[in-house]
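In: structure for this input, please:
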Amino acid sequence: MLQHSISRRSRKRSNALDFHKKLKHIHMHDNNKNEDEHLSLGKGKINFKKIVKELKRYNYDGTITLEIFEKNRNLALKSKNKLRKL
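Out: Predicted coordinates:
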């Protein structure tokens, strides 16, 4: 999971994009790089523009699941729209 690899508490210190040839599915959400917070895109510190640029560079053609665990369901829709614009 890409965001899990970005969280400081994660035991995985390598970047998930290092394994781009094996990536088939990505779970995506924002966080403040301290915990696995499952925030909507833009509420944390993750640079999604950079991540999407890298995924495009590697011609990623797998699936992406947004893991937004916030009470306001509209935030998940807004995250989907932000991701599509990138």
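
In: okay, the residue nearest the centre of the chain: pLDDT?
Out: Compute the mean C-alpha point of the chain, and by C-alpha atoms, centre = their mean the closest residue is M28, 3.0 Å away. For M28, the pLDDT comes out at 93.

In: quick one: it and N59, what's the gap?
Out: Here M28 is placed at a distance of 18 Å from N59 (C-beta to C-beta, to the nearest Å). Any C-beta I mention is one placed from the backbone N, CA and C, and that applies to glycine too.

In: with S40 instead?
Out: 27 Å.

In: cool, and D18?
Out: From D18 to N59 the distance is 16 Å (C-beta to C-beta).

In: between the two, tell me which one has more neighbours.
Out: Per other C-beta atoms under 10 Å, whichever of D18 and N59 has more neighbours is D18, with 10 against 7.

In: then that one would be within a helix, right?
Out: Yes. Counting by DSSP: H, G, I helix; E, B strand; the rest coil, D18 falls inside a helix.

In: got a list of what L83 touches?
Out: Going by C-beta atoms under 8 Å, 6 or more residues apart in numbering, L83 touches M28, L41, F48, V52, I64, L66.
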